[in-house]
Each structure stands twice: as structure tokens, then as C-alpha cells.
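> any chance you can model this:
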Amino acid sequence: MSYHAPGTPENVALAQHVNGRLRAEARISNARAFLFRAIGLGAFLGLAGAGLGAAFYGYATMNEVGNASDKLAKALTQALETTTLKTSGEVRLTDNTLKIEGGVPAAKGRPDVSALTGNQGKTEAPASAAAAVRTSFTVFKTVPYLDGSIVTGWNFKGDEQKPEKQYCYVTRPQTFGDGATSNQTTVAIDGELLPQPARSEVNFSVIARSCVWFDPSKL
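The predicted model follows:
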């Protein structure tokens, strides 16, 4: 084994070699650290970009839905403004007695249908070609109920002495938009109570007590 004295060419060469090795390892460590920092920064920027993109996409989607809702509301408003609601109904006699002017004879509280309509339906065509005409009418009996009324209808056919059919219903006013109409619910037919619907606001058994059914003894 040989020992070299300080400052000898061999020691100088060894020191330079060790120093170069340490500098190379330091540069490698710095390069690795820079690589990790670059990866971390790239990941952060990527996630931030994805978050901003999702935020802008969500905002754009909500804005589009809001615009669509506004357009739909405007379209519905215009449709309702240009729509005309039409209602139809029956002519009702609210008095207890059916009266006809002109001196037409009446039998048992109701008009003589044969005398009233005797000349109706006649034409100049032969009897075989003329269509048969059948006369019918309805008598209404009305009882006030809350803000509406309970109505009983007697349907007479021709000159029959009693109604062919009877029905009882309750009617109440109902507002729809700027117009007003009526809500009609039938509770009984020919004196028989109809089944009570599960979600009906009308109590059929209570309403039926005010129905005025046909009674020949009271005419």
C-alpha cells in the first residue's frame, strides 16, 4: 500500500474527480426536482382549466334553459291572448210553474204539447216523404245551494203524463282566466243516487236531499 502526500498530482486528480461527481449528482437532483415541479404545475393548470370549462358549460346550459323557459312563457301568453273560449249550456226555467203566453190550454201544470206543436213538421211534400217529428221538453226545478244551485230536470217525451227520465245535479260558478263558467256535477238519475267519487268535493247524499223528483200527487 502506498500513501500520497498532500498536493501530489494523484490527490489533485482524485479531488477533481470527486468534485465533478458531486456536481453531476447535484445537477441530476435539480433536474428531477424541476421535473416534479413542472408535472405538479401542469396538473394544477389542467385541473383549473377543466374546472373553468365545466363552470362555463354549466352557466351556458342554465342560460339556455332560462331563455327557453322565457320563450315558452311568452308563447303560452300569446296563445291565451288570442284564444276565444266558448261555453254552451241549457235554457232553464227557475219558476215552479211552466207558463206559456197566448192562452194555450194546460193540463196538470204543464202545456198541451199536441196543441202547441200540432202544425209543426208539416210540409208540402207527400205524407210518405215527410219526416216524423217528435216533440220533447224539459222542466227544471231549482233549489239555491251556497253560491250555486241544485237543479232537477224532468224530461218529457210527446204528451206523456210523467217524465221519461229525471236527473239531479249541482252547479256552481267557476272562474277560468278572464271568463266565468259553471261546474256541473250530476248526483242522481231517476231518483237513484250515483256512486260517490273518491276525490269529489260534493257530498252526493247531502245534495240528493234537495232534489225535486216528479210526484203526480203534488201537481
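
> bridging residues for F176?
Beta-bridge pairing for F176 (DSSP bridges): G179.

> residues near it, how many?
Counted with other Cβ atoms under 10 Å, residues neighbouring F176 total 10. All C-beta spots, glycine's among them, are computed from the backbone N, C-alpha and C.

> tell me the pLDDT of it.
Reported pLDDT at F176 in the predicted model: 71.

> ok, N119 next?
51.

> what's the spacing between A208 and L146?
Remark: distance between A208 and L146 (Cβ to Cβ, to the nearest Å) = 16 Å.

> the more surrounded of those two?
Neighbours per residue (other Cβ under 10 Å) separate A208 from L146, with A208 holding more: 19 against 8.

> can you give me the helices for the chain?
Secondary structure of the chain by DSSP state H: the helices cover 9-81, 113-116, 204-208.

> quick one: closest of the ones you listed to G153.
Closest to G153 of the helices of the chain, according to Cβ to Cβ: helix 204-208, at 14.2 Å.

> packing partners of that closest one?
When contacts are defined as 3 or more Cβ pairs under 8 Å, 6 or more residues apart in numbering; DSSP states H and E, helix 204-208 packs onto strand 165-176, strand 179-189, strand 192-193.

> quickly compare those strands and say which is most buried.
strand 165-176 (a mean of 16; mean count of other Cβ atoms under 10 Å).

> what helices or strands is it leaning on?
Packed next to strand 165-176, using 3+ Cβ pairs under 8 Å, 6+ apart, are strand 148-157, strand 179-189, helix 204-208.

> the helices and strands packed on helix 204-208: lowest mean pLDDT?
strand 179-189 (a mean of 84).

> from the contact counts, what lies against that one?
So strand 179-189, by 3+ Cβ pairs under 8 Å, 6+ apart, packs with strand 165-176, helix 204-208.

> alright, I will stop here.
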